[in-house]
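Trainee: let's see this in three dimensions:
(one chain, ligands or ions: 2)
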Amino acid sequence: MTTRTFVDRVKVNISAGDGGDGCVAFRREKYVPKGGPAGGNGGHGGSVYILASNDIDSLIDLYYQPHQRAEHGVPGQGKQRHGKGGRDLHIPVPCGTVVKSVDSGEVVGEVVEDGDSLLIARGGKGGWGNMRFTSSTHQAPRESTPGEKGEVRCVLLELKTVADVGLVGYPNAGKSTLLSRISHAHPKIAPYPFTTLNPVIGTVEYEDFNKLRVADIPGLIDGAHKGVGLGYEFLRHIERSRFLVFVIDMAGVDGRNPSHDFESLRKELQLYREDLAVRPYLVVANRMDDPASKKKLSDFERETGEKPVPVSAMKGTGIAGLKEKLHDFFWMETGRNFMP
Ligand SMILES: Nc1nc2c(ncn2[C@@H]2O[C@H](COP(=O)(O)OP(=O)(O)OP(=O)(O)O)[C@@H](O)[C@H]2O)c(=O)[nH]1
Ligand SMILES: [Mg+2]
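Mentor: Ligands and ions are numbered 1, 2, ... in the order given. From the prediction side, this is the model:
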């Protein structure tokens, strides 16, 4: 198995191609005296675009190649030859890539769906050859213009994963175990906190051919919105999720209190971004195989007023019901089939 480093934020220097210079030349041929101006225009420089692709899931390639440039335009030549335009550069990036200017921090734009493309740096225009300056009163022009410089920009590319559902929970709550149960994803699972270091996307498939994309992110801890722990780094990966699933460890291992966990998670989300706190959600009560969980579940229901879906991600109980519930929930929230 190959492991690729996950890169979700990268600074890239982008240079569009310069335009080719215009040319000053005259037609020189035996028996054709005063053959007239014959300098061609320069070709335009290539522009740089980013292009969203479903086949890419990380910005790793740009991490190793942070300088990206498009071709320059070819200068014009004598004998009325115009220079060839430089080829545009289309940089493939994952869907959900946001482009920010490094200088101003402003968002330049984003690409969301497969095939979306965004112009990052415009190529320079080609210069004019002296042919272009000919007029009835100016028949042997010696003027030409230089090619325009291509735009050069330093941009920050950030990946905000596009998933339908985001799993939110404390470290060790069983988020990755749950994802491995409901989808074909194989996230790393281990009995210690912060097992998941990168977001993992799993696709839940249904018999009616609908599909749900579920994002598993590293666990959140108190103070996550201030950058404590790993979770904050990855909260932006669930910003775009249409709804959230809170995974609560109902057995309260590590001495946790499930109601307190739920309230704190919601608070962390709200402190990070107001609108995350009002996003539709489902609560999953995990570790229901633990004997202590039953009593804690009824306490949880009383204290929070929520009706969680009880499951044991490890044993697989309640998983089929949860999948159905996710299906219906999505249908209710969006009123449409998941598949475009
Ligand atoms: N008894 C029991 N153990 C579980 C259950 N679900 C997960 N576990 C165990 O809990 C541990 C943590 O599970 P993970 O799925 O890695 O937890 P996580 O929430 O992804 O953790 P981080 O990635 O660290 O945030 C593993 O040892 C799992 O086997 C469950 O339903 N019952
Ligand atoms: Mg995990």
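Trainee: how many residues are close by A320?
Mentor: Residues contacting A320 under the criterion other C-beta atoms under 10 Å number 12. Every residue, glycine included, has its C-beta placed from N, CA and C.
Trainee: quickly list the domain ranges of this structure.
Mentor: For the chain, automatic domain parsing gives the domain ranges 9-159, 165-334.
Trainee: what's the first-to-last distance across the first one?
Mentor: As for domain 9-159, its first-to-last residue distance stands at 6 Å under the measure C-alpha to C-alpha, to the nearest Å.
Trainee: give me the number of residues near H225?
Mentor: H225 is flanked by 18 other residues according to other C-beta under 10 Å.
Trainee: go on, G305?
Mentor: Counted with other C-beta under 10 Å, the neighbours of G305 add up to 7.
Trainee: and what of S312?
Mentor: For S312, using other C-beta under 10 Å, the count is 22.
Trainee: what of D55?
Mentor: 8.
Trainee: and L220, by the same measure?
Mentor: When neighbours are defined as other C-beta under 10 Å, L220 has 26 of them.
Trainee: likewise K294?
Mentor: Neighbours of K294 (other C-beta under 10 Å): 14.
Trainee: hang on, it in a strand?
Mentor: No. Applying DSSP: H, G, I helix; E, B strand; the rest coil, one finds K294 to be helix, outside a strand.
Trainee: how about the residues of the protein near ligand 1?
Mentor: Listed as neighbours of ligand 1 in the chain under the rule C-beta under 6 Å from any ligand atom: 169, 171-177, 189-191, 193-196, 218-219, 286-287, 289-290, 312-314.
Trainee: do that again at 5 Å, thanks
Mentor: The chain comes close to ligand 1 at residues 171-177, 189, 191, 193-196, 219, 286-287, 289, 312-314, as judged by C-beta under 5 Å from any ligand atom.
Trainee: contacts only, for F300.
Mentor: F300 makes contacts with 248, 250, 258-259, 262, 285, 306, 308, as judged by C-beta atoms under 8 Å, 6 or more residues apart in numbering.
Trainee: what parts of the stretch 51-200 of the chain come near ligand 2?
Mentor: Selection of the stretch 51-200 of the chain residues close to ligand 2 by C-beta under 5 Å from the ion yields 176, 195-196.
Trainee: and the residue of the stretch 201-340 of the chain that's closest to ligand 1?
Mentor: Distances between the stretch 201-340 of the chain and ligand 1 by C-beta to the nearest ligand atom are smallest at G219, namely 2.9 Å.
Trainee: which element is that residue on?
Mentor: Under DSSP states H and E, no helix or strand contains G219.
Trainee: for it, which non-adjacent residue is closest in space?
Mentor: With C-beta to C-beta, 6 or more residues apart in numbering as the criterion, G219 has its nearest non-adjacent residue at 3.2 Å, and that residue is P171.
Trainee: which helix or strand contains that neighbour?
Mentor: Counting by DSSP H and E, P171 is found in no helix or strand.
Trainee: helix or strand with the lowest mean pLDDT in the chain?
Mentor: Least confident element among the helices and strands of the chain, by mean pLDDT, DSSP states H and E: helix 231-235 (a mean of 69).
Trainee: which strands or helices does the next helix or strand after that one pack on?
Mentor: Later in the chain than helix 231-235, the nearest helix or strand by DSSP H and E is strand 243-249. Contacts defined by 3 or more C-beta pairs under 8 Å, 6 or more residues apart in numbering; DSSP states H and E place strand 243-249 against strand 165-169, helix 258-272, strand 281-286, helix 319-334.
Trainee: which of these sits most buried?
Mentor: Scoring the helices and strands packed on strand 243-249 by mean neighbour count under mean count of other C-beta atoms under 10 Å gives strand 165-169 as the most buried, with a mean of 27.
Trainee: any weak-confidence spans in the protein?
Mentor: Applying pLDDT under 70 to the chain flags the ranges 1-6, 227-233, 334-340.
Trainee: what's the neighbour count on the closest residue in space to A38 that isn't next to it in sequence?
Mentor: Leaving out its chain neighbours, the residue that sits closest to A38 by C-beta to C-beta, 6+ apart is R27, at 4.4 Å. By the measure other C-beta under 10 Å, the count of residues near R27 is 15.
Trainee: quick check: R27 vs G127, distance?
Mentor: Distance, R27 to G127, using C-beta to C-beta, to the nearest Å: 20 Å.
Trainee: just L297 next, same as before
Mentor: Taking C-beta to C-beta, one finds L297 at 75 Å from G127.
Trainee: who has more neighbours, the two?
Mentor: Taking other C-beta under 10 Å, L297 and G127 do not tie; G127 has more neighbours (25 against 18).
Trainee: for the protein, what spans make up the helices?
Mentor: Here the chain has its helices, by DSSP state H, at 60-64, 175-182, 231-235, 258-272, 274-277, 293-304, 319-334.
Trainee: ok, and what's touching the fourth one?
Mentor: For helix 258-272, contacts defined as C-beta under 8 Å, 6+ apart pick out 168-170, 173, 220, 222-226, 231-232, 235, 244, 246, 248-250, 252, 276-277, 283, 285, 296-297, 299-300, 303-304, 306.
Trainee: all set, thanks.
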